[in-house]
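Peer 1: Build me a model:
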Amino acid sequence: MLARANRVRRVPRPPHPLPSDAARAQVAADRTGFRVPPGSPFNDIAESDTHELHEPHEPHEPHPALARAPIPPDLAHLHIGHGRGDELLHALSKLWPNTLVPNRAGTDIATRAKDIEDGLTDIVDVGVTALANPALVERLRTGAPLNTHGGTPCLSTLQLN
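Peer 2: Here you go, the predicted model:
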């Protein structure tokens with residue numbers, strides 16, 4: 001998906017359907033999301049030019065290229081894997097009309113909650129923290145300690161508190 005976003009970042013509309021177009025044809029747009037993980041090393045992906053997606057690079061364009069990408073605005077949410085500076089999130093939170101879900105993999109809940117407090121988003125991705133803590137909402141509500149994830153995709157690496 002990111003490779004496709006890289007190829008179409010400078011055209012007003014992609015010359016071929018986006019994966020979200022196929023999903024929208026089968027499921028209502030308001031139940032469909034679009035996930036974009038620019039610069040994510042997940043699954044050994046190595047891309048060296050994603051800075052172009054994160055930073056404004058033309059004087060007449062105040063927003064990063066990804067914020068101007070032709071993602072259909074009627075989708076329920078935009079889920080963005082994000083680990084860089086906040087310029088992209090600030091631009092997306094202003095331009096994206098629906099729910100923006102930043103995924104700050106590897107950060108704690110307090111760091112993620114700050115995105116809500118700062119008005120960047122209404123919801124955050126809690127990922128493996130939820131898997132490691134089946135009663136996550138109750139633990140957060142009561143201030144109970146959280147189990148930590150061992151840092152691998154295998155759930156057997158959970159560290160119980």
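Peer 1: What residues does Ala113 make contact with?
Peer 2: Neighbour list for Ala113: Val124 [criterion: CB atoms under 8 Å, 6 or more residues apart in numbering]. Bear in mind the C-beta positions are built from the backbone N, C-alpha and C, glycine included.
Peer 1: What strand or helix carries it?
Peer 2: Element membership of Ala113, judged by DSSP states H and E, is helix 109-117.
Peer 1: Next one: Leu75 from Gly81, what distance?
Peer 2: Leu75 is 16 Å from Gly81, where distance means CB to CB, to the nearest Å.
Peer 1: I meant Leu88, not that one.
Peer 2: According to CB to CB, Leu88 and Gly81 sit 11 Å apart.
Peer 1: next SSE after the helix holding Ala113?
Peer 2: Per DSSP H and E, helix 109-117 leads on to helix 127-132 as the next helix or strand towards the C-terminus.
Peer 1: which stretches of the protein have low pLDDT?
Peer 2: 1-21, 23-24, 38-43, 45-70, 83-85, 150-161 (pLDDT under 70).
Peer 1: So it: which segments form each domain?
Peer 2: 2-125, 127-161 (automatic domain parsing).
Peer 1: To which secondary structure element is Ile80 assigned?
Peer 2: strand 77-81.
Peer 1: Which strands or helices does that strand pack on?
Peer 2: strand 33-36, helix 87-95, strand 99-103 (3 or more CB pairs under 8 Å, 6 or more residues apart in numbering; DSSP states H and E).
Peer 1: 6 Å instead, please
Peer 2: Where contact means 3 or more CB pairs under 6 Å, 6 or more residues apart in numbering; DSSP states H and E, strand 77-81 is packed against strand 33-36, strand 99-103.
Peer 1: Isn't Leu120 up against Ser93?
Peer 2: Yes - contact criterion CB atoms under 6 Å: Leu120 and Ser93 qualify, at 4.7 Å.
Peer 1: still on that earlier bit, higher neighbour count, Leu75 and Gly81?
Peer 2: In this view Leu75 and Gly81 are compared by other CB atoms under 10 Å, and Leu75 has more residues nearby, 21 against 18.
Peer 1: is it true that the more buried one touches Arg31?
Peer 2: No - shown here, Leu75 and Arg31 do not form a contact pair, counting by CB under 6 Å, at 9.1 Å.
Peer 1: if we can go back for a sec, buried ones in the helix holding Ala113?
Peer 2: Arg112, Asp115 (16 or more other CB atoms under 10 Å).
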